[in-house]
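Q: Turn this into a model:
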Amino acid sequence: MCNIPLLYGLLIAAESALIAALIPLGLAVGLGTNPFTSPLAPALVIVALVFFGVAQTAIGAAIAACGPCTGTGACGTTGELLRAFLAGIFLSITALVAAGIIVLAVSALPWAGSIAVGIVAIACAAIIPLVPLAAINLGRLEVCRTGLAGSVAATVVVVLAILVAVIAIPIAVIAGGAVLPPGVG
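A: Below you'll find the model as predicted:
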């Protein structure tokens, strides 16, 4: 049986973990601009990697939970499209984890590490909007399976994701930009 509420919960978990990863990445960028604080940046990158792992696990579980939603019925194609979309997100997060591990090696270097961590943070921010798009696809599957005219749950997930992003991203930017180089700002 296709467990739509479970899939919504897993998407919320993945979105929350990706947004939460921006905070330590933003702090690592800020710490990397000072030669005295840059050695602390790798610890924050490790925290971000843990959040990436949580997001990757949630998306992987969503891919597995999507199995009963696919098939040859009227909604089988919609389920297959959702599973393919989730697989794309999974691969994107896998690339993000690989980049994070590589950046971990240079994150303690002043300025160079800060730039490298900033690139990973930008990549993470680019992946975040994909999860609400998956929720929209899940809403289409829900509508197809239940025959409803509209899906309230998909709207709730999208609004929640946007709300969390609006709160978390400015915090990460402010915290990351707290330490500016001399003569800037």
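Q: Roughly how far does the residue nearest to residue 88 when sequence neighbours are not counted sit from residue 73?
A: Nearest residue to residue 88, sequence neighbours excluded (C-beta to C-beta, 6 or more residues apart in numbering): residue 130, at 7.5 Å. From N, CA and C alone the C-beta is placed, and that goes for glycine too. In this view, residue 130 and residue 73 are 26 Å apart by C-beta to C-beta, to the nearest Å.
Q: follow-up on the earlier one: got a pLDDT number for the residue nearest to residue 88?
A: Residue 130 carries a pLDDT value of 92.
Q: same question, residue 121
A: On pLDDT, residue 121 comes in at 94.
Q: Pretty sure residue 74 sits against residue 144.
A: Yes - the criterion here is C-beta atoms under 8 Å, and residue 74 meets it with residue 144 at 6.6 Å.
Q: Just the CA trace of whichever helix or strand residue 141 is part of, in PDB.
A: Applying DSSP states H and E as the criterion places residue 141 in helix 130-146. Only the C-alpha atoms of helix 130-146 are listed here, as PDB (Å, rounded to 0.1, in the frame of the first residue of the first chain):
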ATOM      1  CA  LEU A 130      14.000  20.500  -5.200                       C
ATOM      2  CA  VAL A 131      12.400  18.900  -2.100                       C
ATOM      3  CA  PRO A 132       9.200  21.100  -2.300                       C
ATOM      4  CA  LEU A 133       9.000  20.300  -6.000                       C
ATOM      5  CA  ALA A 134       9.100  16.600  -5.000                       C
ATOM      6  CA  ALA A 135       6.200  17.300  -2.600                       C
ATOM      7  CA  ILE A 136       4.200  18.800  -5.500                       C
ATOM      8  CA  ASN A 137       4.800  15.600  -7.400                       C
ATOM      9  CA  LEU A 138       3.700  13.600  -4.300                       C
ATOM     10  CA  GLY A 139       0.600  15.800  -4.200                       C
ATOM     11  CA  ARG A 140      -0.200  14.800  -7.800                       C
ATOM     12  CA  LEU A 141       0.200  11.200  -6.900                       C
ATOM     13  CA  GLU A 142      -2.000  11.600  -3.900                       C
ATOM     14  CA  VAL A 143      -4.700  13.300  -6.000                       C
ATOM     15  CA  CYS A 144      -4.400  10.500  -8.600                       C
ATOM     16  CA  ARG A 145      -4.700   7.800  -6.000                       C
ATOM     17  CA  THR A 146      -7.500   9.200  -4.000                       C
END
